[in-house]
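[1] just a sequence and a predicted model for now, questions to come.
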Amino acid sequence: MPWSESPAELACARGERPEIVASPLGDLIGILTPPAPGAAPNGRAVILLTRPRSHRNRMWVEGARRLALSGHHAFRFDYHGCGDSGGDSAYLDPNQPYRGDVVAAIRHLRATHGLGRFVVFGSCFDARTALSAFADEGDALDGLVFVAAPVVELADMTLVRADHRDWKGLGGTLRNPENWRALASPARWAYMAKMVARMARRSALGPEATPELPLSRSFREHFQALVRSRARALFLYGRDDDEYRSFHVAERTLFPKLSAADRARFEIEVWPGHVHGFLEMTRQRETFQRVLAWIEALPA
Amino acid sequence: MRGFRLRSRAPSSGKPEPGPSRASPHVPATVQTPETPRFFTPREHPLYGVLHAPAAPVRDLVVVHVHGLGVEQITTYRAEVLCARAVASAGVPVFRYHARGHGDSTGDFSGVTLDTLAEDAGHAADEARRLSGAARVVWLGVRFGALAAARAAAARADSAGLVLWEPVHRGAEYFRGMLRAMLYSQVAAGHKPDRSVDQLLDEVESAGQVDVHGYYLHRAIVRSTREATLSGTLGTWSGPTLLAQLQGRSQLAAPHEALLAELRGRNSPVASFLHREDLGWHYTQNPAWECPPLVQATREWIDALE
């Protein structure tokens, strides 16, 4: 069902205020939602990392107001070069997250509002940015919600897709005239050549002879910072997400090396179908509800 | 009203000052004009807005942006911000806002109609004039926002100009096109659509909404624009008008040309600008869509207004 703003959520909205966060690459504009009138503040601020800050269907505007009802502060902001913020835009590569922006937001909320404990949330690029905050502010972070983000270099995402395709599927792709038109682009030719070469190798030598794809350096670095912290984390993917296929590499190679105590802090949920993109309303609402429920259930 | 004024790149002074006049030092990295994000409350529900103030106002004008509907509010957002900065840097203040049910404002998207959009546009113009001190309003309507801007412009004596970015001419056609594009995207992804456009519109009427790319298309907005046309709304408008076409074609599209012909017939000073680009209006881009030629054309046209 569509979001219908409740009187309590409207009261939360009345308390919202714009904030300016100084950051090295441009000042950031955000909205702080304080705990709802009558809700006992729990001392925790949830930073919702999205683009733009309301996100598709305003889901994180609703999210901020819902979290305020359970005593959280919530902060959503535009990265530099995005939305209302200053700075110049650039292609957003998940392997080069906007760590400076999220760290600036945390430090601003600490210095300006006295907030000391934080939870970070993001999907795709924003999830990688949320994770990157642990490199600088791990001690202040209680939780991470990490939704449907790639964790290998973008160039290797082509190979991730190749590992999950078969020749019949490729044949179907080539029956679509749009895909032939796309081959006018040299970049598309390179993409197809890489994919077909990887598929051919798997066919000829078997999956066991196909080398494991490397996790991106920045993901490994930021993941280790998460492990060093005491934060809990939820990793949420759809089984059919290409991004999950990359995360599966981490499931096979990183998570088994964790101590039992560290591993117990991290939950991995893989849902049928897709989670990435929020382009379908039923799944969008399921994801939204799960994220909020997980944050609200975090131990004090 | 909650807000503060942004001025220089001096370090933050720490805790914000209380009250509506509290200030926070700020200058956007790319354009050196003060910007003031704020909430204003024209009725019981707060709306979010940003005033882009020129360093030194040179005109008795303020530009009011009227954004597109639903997802289109966010697909053109960054281009609008950059346009506002460019116009403000030329000495004309600009006010951007989020209509109810959009962005950071309050209100339900399910209750948005052409009437509420036009009403919020009027409230925004009042706020823009109050904040800037300007007496005359130039409207910038983007896509569906053109219908709301046109209605607001035609109803007010202080309207001094109208900029239309790829305007929607007919509400009913707009929604049919939106649903057709969604079905086409399903085909492109290898899925056979299970409903036609007419069936989807029937579902909007019977169920109240349908899912279009993670947004609901609601009955209230569809009903409210069933008979709405840009030409009809501008039936008495004869002010200066700039129409910017954002399409892949090199000639003005027929509905755009017809509107301009009507306006010329009323001795309205009209201009057009063509930018050849096919945009996926329902998809955000990486990085967000920016259009320097459109910004430049808009700024130059406003600069030349008498």
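    Received the coordinates, thanks.
[2] only C-alpha atoms, please: export the strand or helix carrying A:Arg65 in PDB.
    Using DSSP states H and E, A:Arg65 sits within helix A:59-69. Extracted in PDB, the C-alpha atoms of helix A:59-69 (Å, rounded to 0.1, in the frame of the first residue of the first chain):
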ATOM      1  CA  MET A  59      11.100   5.900   1.000                       C
ATOM      2  CA  TRP A  60      13.800   7.400   3.200                       C
ATOM      3  CA  VAL A  61      11.800  10.500   4.000                       C
ATOM      4  CA  GLU A  62       9.200   8.100   5.400                       C
ATOM      5  CA  GLY A  63      12.000   6.100   6.900                       C
ATOM      6  CA  ALA A  64      13.500   9.000   8.800                       C
ATOM      7  CA  ARG A  65      10.100   9.900  10.200                       C
ATOM      8  CA  ARG A  66       9.400   6.300  11.200                       C
ATOM      9  CA  LEU A  67      12.800   6.100  13.000                       C
ATOM     10  CA  ALA A  68      12.100   9.300  14.800                       C
ATOM     11  CA  LEU A  69       9.000   7.700  16.300                       C
END
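[3] give me the pLDDT value at residue 213.
    Picked chain A for this. You'll see A:Leu213 listed with a pLDDT of 85.
[4] try again with chain B
    On the pLDDT scale, B:His213 gets 91.
[5] just the one 10 residues further on next, same as before
    On pLDDT, B:Arg223 comes in at 97.
[6] which residue packs closest to it, ignoring adjacent ones?
    Excluding the flanking residues, the one nearest B:Arg223 by Cβ to Cβ, 6 or more residues apart in numbering or on different chains is B:Thr113, at 7.6 Å. All C-beta atoms are positioned from the backbone trio N, CA, C, and that covers glycine.
[7] pretty sure the one you found contacts B:Ala220?
    Yes - between B:Thr113 and B:Ala220 there is a contact under Cβ atoms under 8 Å: 5.2 Å.
[8] for those two, indicate the residue with more neighbours.
    Legend: neighbour count by other Cβ atoms under 10 Å in any protein chain shown for B:Thr113 and B:Ala220, higher for B:Ala220 (20 against 17).
[9] contacts only, for the most centrally placed residue in chain B.
    For chain B, B:His67 is the residue whose C-alpha lies nearest the centre (Cα atoms, centre = their mean; 2.0 Å). Neighbour list for B:His67: B:Gln73, B:Thr76, B:Tyr77, B:Glu80, B:Arg96, B:His98, B:Ala99, B:His102, B:Val142, B:Gly145 [criterion: Cβ atoms under 8 Å, 6 or more residues apart in numbering or on different chains].
[10] cutoff 7 Å now
    The neighbours of B:His67, taking Cβ atoms under 7 Å, 6 or more residues apart in numbering or on different chains as the test, are B:Gln73, B:Glu80, B:Ala99, B:His102, B:Val142, B:Gly145.
[11] measure it to B:Cys83 for me?
    To B:Cys83, B:His67 is 12 Å away according to Cβ to Cβ, to the nearest Å.
[12] overlap in contacts, these two.
    With Cβ under 7 Å, 6+ apart, B:His67 and B:Cys83 have no common neighbours.
[13] the residue of the stretch 201-300 of chain A found nearest chain B - how many residues pack around it?
    Closest residue of the stretch 201-300 of chain A to chain B, Cβ to the nearest Cβ: A:Met281 (4.0 Å). A:Met281 is flanked by 19 other residues according to other Cβ under 10 Å.
[14] can you say which helix or strand has the closest residue to the residue nearest to the centre of chain B other than its chain neighbours in it?
    Spatially, and ignoring its direct neighbours in sequence, B:His67 is nearest to B:Gln73 (4.5 Å; Cβ to Cβ, 6+ apart). Applying DSSP H and E as the criterion places B:Gln73 in helix B:71-75.
[15] who touches that helix?
    Applying Cβ under 7 Å, 6+ apart, the contact partners of helix B:71-75 are A:52, A:56, B:67, B:102-103, B:143-144, B:213, B:215, B:281-284, B:289.
[16] hmm, back to that, for the residue of the stretch 201-300 of chain A closest to chain B, give me its contacts.
    Going by Cβ under 7 Å, 6+ apart, A:Met281 touches B:Asp211, B:Gly214, B:Tyr216.
[17] next step: these restricted to strands.
    Judged by DSSP state E, strands contain the following of these: B:Asp211, B:Tyr216.
[18] need the contacts of A:Met281 in JSON lines with neighbour count and distance to B:Gly235, can you?
    Below are those laid out as JSON lines (neighbours: other Cβ atoms under 10 Å in any protein chain shown; distance: Cβ to Cβ, whole Å):
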{"residue": "B:Asp211", "neighbour count": "18", "distance to B:Gly235": "36"}
{"residue": "B:Gly214", "neighbour count": "20", "distance to B:Gly235": "36"}
{"residue": "B:Tyr216", "neighbour count": "20", "distance to B:Gly235": "32"}
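[19] now A:Met192: how far from A:Thr158?
    Applying Cβ to Cβ to A:Met192 and A:Thr158 gives a distance of 9 Å.
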